[in-house]
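**Student:** need the 3D shape of this:
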Amino acid sequence: MPSRPVRATVLIVDDEEGVRALLRRQLNTAGHTVLEASSAPEALGLIRQRAERIDLVLSDVVMPAMNGTELAAHLATEFPDLPVVLMSAYAPAGLARVGLGDAIVPVLRKPFDATVLLDLVRTAVERPRRASGSPSAASR
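**Tutor:** Purely as a prediction, here's the structure:
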């Protein structure tokens, strides 16, 4: 019996509209729901107000006001079960993840192809989650 396609809600956080548009197209084509924020503070507000589950936050590292690493640190504290992946064109070759306290956050080096992105989403969605008080991070 073929496996059911994975469907996820992914929040893209990037200050560049072109990057968000490209990622949105790739994720929508694969059947995922995409939310967007142009800054880390906007993303935090959206996550805090959203009643439905967000399966993955995909954030650029270099952004004004609050960078992606700072966003990931806030999310690790407030929504510890919400997966976050950072993206950077400036990540040193071979950097695959960063540690934020007890959390390990994967880092994708830009540019990356759609296959890498979709595999990452599948892994985040299929990862078991513990129950949480947050509707954004709670298991269904």
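**Student:** count of neighbours near residue 59?
**Tutor:** 26 (other CB atoms under 10 Å). Using the backbone N, CA and C atoms, a C-beta is placed for each residue, glycine as well.
**Student:** who touches the residue most central in space within the chain in this structure?
**Tutor:** Nearest residue to the geometric centre of the chain (CA atoms, centre = their mean): residue 57, 1.9 Å. Applying CB atoms under 8 Å, 6 or more residues apart in numbering to residue 57 gives the contacts 10-11, 13, 43, 47, 71-72, 75, 82-85.
**Student:** inside helices: which ones of the residues you listed?
**Tutor:** Among those, the members found in helices (DSSP state H) are 43, 47, 71-72, 75.
**Student:** okay if I get the residues you listed as JSON lines plus neighbour count and pLDDT?
**Tutor:** Output for these, formatted as JSON lines (neighbours: other CB atoms under 10 Å; pLDDT from 0 to 100):
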{"residue": "43", "neighbour count": "26", "pLDDT": "98"}
{"residue": "47", "neighbour count": "24", "pLDDT": "97"}
{"residue": "71", "neighbour count": "26", "pLDDT": "94"}
{"residue": "72", "neighbour count": "24", "pLDDT": "92"}
{"residue": "75", "neighbour count": "25", "pLDDT": "93"}
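**Student:** where does pLDDT dip in this protein?
**Tutor:** Scanning the chain for pLDDT under 70 picks out 1-5, 91-104, 128-140.
**Student:** where do the strands sit along it?
**Tutor:** Listed in chain order, the strands of the chain (DSSP state E) span 9-13, 33-37, 56-60, 84-88, 97-100, 103-109.
**Student:** who touches the fourth one?
**Tutor:** When you say that, I think you mean strand 84-88. By CB under 8 Å, 6+ apart, strand 84-88 touches 14, 56-62, 68-69, 71-72, 75-76, 98, 103, 105-110, 112, 120, 124.
**Student:** quick one: that strand to strand 103-109, angle?
**Tutor:** With axes from the mean of the first three to the mean of the last three CA atoms, to 10 degrees as the basis, strand 84-88 and strand 103-109 are set at 30 degrees to each other.
**Student:** put the alpha carbons of strand 84-88 into CSV.
**Tutor:** Taking Å, rounded to 0.1, in the frame of the first residue of the first chain, the C-alpha atoms of strand 84-88 are listed here in CSV:
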residue,chain,number,x,y,z
VAL,A,84,13.0,25.3,13.3
VAL,A,85,15.4,25.2,10.4
LEU,A,86,17.7,28.1,9.6
MET,A,87,18.8,29.1,6.1
SER,A,88,21.9,31.1,5.2
